[in-house]
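*Asks:* Show me how the following folds:
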Amino acid sequence: MKKILALCLVLAGCAGSIGPEEEAQLGAQYAAEIRGKVPLVRDAAAVEALNRMGRGLASRADSTGRRYTFYLVNSPEVNAFAIPGGHVFVNRGLIEHADVVSELAGVLGHEIAHVTERHGLEALEKQQRANILVQLVYWVLDREPGALEQVVIQGGGAAVFAKYGRDAEREADQHAVHTLAVAGYDPEGIATFFEELLRERPDSPASFDQWFASHPTSAERVQNTRALIGMLGPLDRERLIRDTPEYQRFRARVQALPR
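*Replies:* Now for the predicted structure:
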């Protein structure tokens, strides 16, 4: 009975959320680990262009004062992901497939929303609670988990943090649509980018596996995105940015980088 009471007390104490300072520390730690494992583009002009665009969007989406850093990954696969603290990693393959600037802006706005809405932190907190619960259950049972049980536990914990759920993806899309409109970009770029990926995936599935594994994309998602755009009301498309010569120069520079 005492062990069960202790279990309840510990679980109750795990309900607190991760604060801004801890988020910044965790983000810096995770970003350092990732930078040591992925090939980063060192071209200063290309990296600066990506950060200028990303930080411009973040200034419209995030009022907390987070310092955002955007990393250009030298990988041909289409993918992008964000971790807590404002660290966003973008594969060169995604930029090469984003034909116009509004499409890249849509992806960046989506990843920024994952940071502002604390989706990564929520997943991390779930993982922590799950791991603590499992450890305490075995403490109550007064035994160590067997080899097979450890495999199941570790696999389950990894699955919690592997990707965001549908609700988080939908929320990130919603915020991205709003961010693009406020920043002066055409939010239609989000939908056209999804459509392009759906068209191209059958011809080169390996290039898109990472994206579809972490960002489930379907015709339904395209429709939902356009519905979100419709909820903004009438838009002056002539004033919204769909593409720019600067972006095309940046994209050409990325395409010319050595693999």
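*Asks:* so where do the strands sit in the stretch 1-150 of the chain?
*Replies:* Ranges of strands in the stretch 1-150 of the chain, per DSSP state E, counting those that start in this stretch, are 69-73, 80-83, 87-91.
*Asks:* Okay, now the unreliable bits of this structure?
*Replies:* For the chain, the stretches flagged by pLDDT under 70 are 1-16, 127-163.
*Asks:* repeat that with 80
*Replies:* Residue ranges of the chain with pLDDT under 80: 1-17, 123-165.
*Asks:* how about Ile112, what does it touch?
*Replies:* Ile112 sits next to Gly54, Leu57, Ala58, Ala61, Asp62, Tyr68, Ala82, Val88, His175, Ala176, Thr179 when contact means CB atoms under 8 Å, 6 or more residues apart in numbering. Placement of C-beta: from N, CA and C, glycine included.
*Asks:* Correct me if wrong: the fifth one contacts Glu117.
*Replies:* Yep, that's Asp62 we're talking about. No - between Asp62 and Glu117 there is no contact under CB atoms under 8 Å: 10.1 Å.
*Asks:* got the residue ranges for the helices in the stretch 101-250 of the chain?
*Replies:* Ranges of helices in the stretch 101-250 of the chain, per DSSP state H, counting those that start in this stretch, are 101-116, 119-141, 147-162, 166-183, 188-200, 205-214, 219-230, 245-256.
*Asks:* can I get the CA coordinates of the last one in CSV?
*Replies:* Only the C-alpha atoms of helix 245-256 are listed here, as CSV (Å, rounded to 0.1, in the frame of the first residue of the first chain):
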residue,chain,number,x,y,z
PRO,A,245,13.7,36.9,-57.9
GLU,A,246,15.6,36.8,-54.6
TYR,A,247,14.2,33.4,-53.8
GLN,A,248,15.0,32.0,-57.2
ARG,A,249,18.6,33.1,-56.8
PHE,A,250,18.7,31.5,-53.4
ARG,A,251,17.2,28.3,-54.7
ALA,A,252,19.6,28.2,-57.7
ARG,A,253,22.5,28.7,-55.2
VAL,A,254,21.3,25.7,-53.1
GLN,A,255,20.9,23.6,-56.2
ALA,A,256,24.4,24.4,-57.3
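*Asks:* For Arg239, give me its contacts.
*Replies:* Gly184.
*Asks:* Just read off the phi/psi values of it.
*Replies:* Backbone geometry at Arg239, expressed as degrees, to the nearest 10, gives phi -90, psi -10.
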